[in-house]
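Engineer: No sequence on hand, only this structure:
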């Protein structure tokens, strides 16, 4: 009997000791091979599910290969060990369509002694071997850690072998490819340049791109590789559905040169104030989702200057939101912790998601909740529990009538506080007010809040407010805090 034909529950029992995820589905098991190799003192130690995949006859169904290399010094012996195992299983993995490769240094010593420029032949050899093993790749993800020159050296050669066939390229490291290398089939691109200099964009056809993410690309570099079929100062994206631009310099040629289709599904802008102000006057396409992150004041500075910067940035953001009033999702995030939030900063009232870093009073939080009736997600990085003027009272359990709703549709909420404040325990009545007066609430994270008194509220009011039974809580010492732990990425 083919083991892969077994029902999922039986296959899980067979594989429970073979793979790290006890409850992975049969389909996911059959589609993934994971190989992690640690190379210390010249001895490569490989952890993998490859033997199990081969033993149950699923190698032909593998679609995705995940290769993680932890190396102290040269990574080549560890990579060779992995490739030898793969070669022993099959000379060609013809079904594999995606490769995720991560090179992670175990220490910093190799950075000073490993001369990348002397090892280009090794990079080419390894890239050729991987291309021979995985000839059908369409998606390539290149991860790593920090400013890793080894990653940049290997990835630059690896992408050259796959340039003509890749549909998706996702890399955390800039790389230098041969100028003759053209990515003719790319549809989805995700590049993180981390403000690195000396690297150019690879040549690609913007007419084919459907999703484009460029993070921290130095504005002063050439954008000519994206102008293959356009004028020198024009980049035409007729098929683009997702645009994600991160730039904290004073200009962003991508936004200045881009010619977008009539509607883009998703636009995410993480920009400095000057670029955001310039973007407000640009013809940003109609979009289903517009997300703007305002980046100011990484370091504490003069409060008046920071307030002026935030006010100018929010004015620009409001202009962009006004041009996208029909969007299904309008998101705004601010990052400055060194000033106090004022409700007047948020002038656009149709936002569906809001993330606030400036210190926010409970009174301001409640004003924003009622001012922005379309909100479904709301996050506060620091809510002060001092000097609360708002009426937080609600009827006692069993009393006739329920607390008056706040008139919002919020489903997900994060409330972080400063436990060093003398009045930090005021968080309990604040959360009580939110839980009882927002009947649409499905998830509430307040990881500094004590679990016991909050859960007592849920227990006491459970019959009177049936929606409490469905709220997932993330609290300080809860037995079952939900996974977000206050993290915007996992929560939103």
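Structural biologist: Nice, thanks for sending it over. Note that this is a predicted model, so its numbers are computed, not measured. Residues are numbered from 1 along each chain as shown.

Engineer: which non-adjacent residue is nearest residue 214?
Structural biologist: Residue nearest to residue 214 in three dimensions, not counting chain neighbours: residue 191, with 5.5 Å by CB to CB, 6 or more residues apart in numbering. The way it works is simple: take the backbone N, C-alpha and C, and place the C-beta from them, glycine included.

Engineer: Next up, the contacts around that neighbour.
Structural biologist: Listed by CB atoms under 8 Å, 6 or more residues apart in numbering, the contact set of residue 191 reads 169, 171, 174, 201, 213-215, 217.

Engineer: Redo those residues as TSV? Include neighbour count, distance to residue 378 and pLDDT.
Structural biologist: As requested, the contacts of residue 191 are exported to TSV (neighbours: other CB atoms under 10 Å; distance: CB to CB, whole Å; pLDDT from 0 to 100):
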residue	neighbour count	distance to residue 378	pLDDT
169	22	35	93
171	24	33	88
174	24	36	76
201	19	37	76
213	16	25	91
214	19	29	86
215	16	26	85
217	24	31	72
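
Engineer: now, which of those residues lie within strands?
Structural biologist: Counting by DSSP state E, the part of the contacts of residue 191 found in strands is 169, 171, 213-215.

Engineer: between these, which is closest to residue 349?
Structural biologist: residue 213 (29.3 Å; CB to CB).

Engineer: now that closest one: how far from residue 359?
Structural biologist: 31 Å (CB to CB, to the nearest Å).

Engineer: got it, and residue 35?
Structural biologist: Remark: distance between residue 35 and residue 359 (CB to CB) = 47 Å.

Engineer: ditto for residue 353
Structural biologist: For residue 353 relative to residue 359 (CB to CB), the value is 20 Å.

Engineer: Low-confidence stretches in the stretch 301-450 of the chain?
Structural biologist: Applying pLDDT under 70 to the stretch 301-450 of the chain picks out residues 301.

Engineer: Looking only at neighbour counts, state which of residue 353 and residue 359 leads.
Structural biologist: A count of neighbours by other CB atoms under 10 Å puts residue 353 above the other of residue 353 and residue 359, at 22 against 18.

Engineer: list the helices and strands the longest helix anywhere in the chain packs on?
Structural biologist: Across the chain, the longest stretch assigned as helix under DSSP state H is helix 303-322. With contacts defined as 3 or more CB pairs under 8 Å, 6 or more residues apart in numbering; DSSP states H and E, helix 303-322 has these neighbours: helix 273-279, strand 286-294, strand 329-334.

Engineer: Burial check on residue 150, number of neighbours?
Structural biologist: 24.

Engineer: My reading is that it is in a helix; is that accurate?
Structural biologist: Yes - counting by DSSP: H, G, I helix; E, B strand; the rest coil, residue 150 falls inside a helix.

Engineer: hang on, the earlier thing: note down every partner strand of the helix or strand hosting the residue nearest to residue 214 and its orientation.
Structural biologist: Using DSSP states H and E, residue 191 sits in strand 188-192. Looking at strand 188-192 with DSSP bridges, its partner strands are strand 168-171 (parallel), strand 211-215 (parallel).

Engineer: Quick check: mean pLDDT of that strand?
Structural biologist: For strand 188-192, mean pLDDT rounds to 90.

Engineer: Quick check: next helix or strand after it?
Structural biologist: strand 203-204.

Engineer: returning to what we had before: mind telling me the two of the contacts of residue 191 farthest from one another?
Structural biologist: Farthest pair in these (CB to CB) is 169 and 217. Separation: 14.8 Å.

Engineer: Count the residues that sit near the residue lying closest to residue 50 once chain neighbours are set aside.
Structural biologist: In this structure, residue 50 finds its nearest non-sequential neighbour in residue 33, 5.5 Å apart by CB to CB, 6+ apart. Look at residue 33: counted by other CB under 10 Å, it has 24 neighbours.

Engineer: Run through who's touching the host helix or strand of residue 33.
Structural biologist: Assigned by DSSP H and E, residue 33 falls within strand 32-40. The contact list for strand 32-40 (CB under 8 Å, 6+ apart) reads 44-50, 53, 62-73, 75, 77-79, 81-82, 85-86, 106.

Engineer: The stretch 101-250 of the chain: helices as residue ranges?
Structural biologist: Using DSSP state H, counting those that start in this stretch, the helices of the stretch 101-250 of the chain run over 109-113, 120-133, 149-162.

Engineer: pLDDT (mean, whole number) over the shortest one?
Structural biologist: Mean pLDDT, taken over the full extent of helix 109-113, equals 49.

Engineer: The residue nearest to residue 119 when sequence neighbours are not counted: how many residues sit nearby?
Structural biologist: Leaving aside its sequence neighbours, residue 119 sits nearest to residue 153 (CB to CB, 6+ apart; 6.8 Å). Neighbours of residue 153 under the rule other CB under 10 Å: 21.

Engineer: returning to what we had before: strand partners of the strand holding residue 33, parallel vs antiparallel please.
Structural biologist: When DSSP bridges is applied, strand 32-40 pairs with strand 43-48 (antiparallel), strand 64-71 (parallel).

Engineer: Now do the buried residues in that strand.
Structural biologist: Using 16 or more other CB atoms under 10 Å as the burial criterion, the residues of strand 32-40 that qualify are 32-39.

Engineer: Look up how far residue 406 lies from residue 32.
Structural biologist: 45 Å.

Engineer: Who does the residue nearest to residue 326 when sequence neighbours are not counted form a beta bridge with?
Structural biologist: Nearest non-adjacent residue to residue 326, counting by CB to CB, 6+ apart: residue 286, 6.9 Å away. With DSSP bridges applied, residue 286 shows beta-bridge pairing to residue 263.

Engineer: so residue 286 touches residue 261, yeah?
Structural biologist: No - counting by CB atoms under 8 Å, residue 286 does not reach residue 261; the two are 9.4 Å apart.

Engineer: In terms of neighbours, single out the busier of these two.
Structural biologist: Set residue 286 next to residue 261 and count neighbours by other CB under 10 Å: residue 286 wins out with 16 against 13.

Engineer: And the more buried one, how far from residue 420?
Structural biologist: Separation of residue 286 from residue 420 (CB to CB) stands at 46 Å.

Engineer: Alright, calling it a day.
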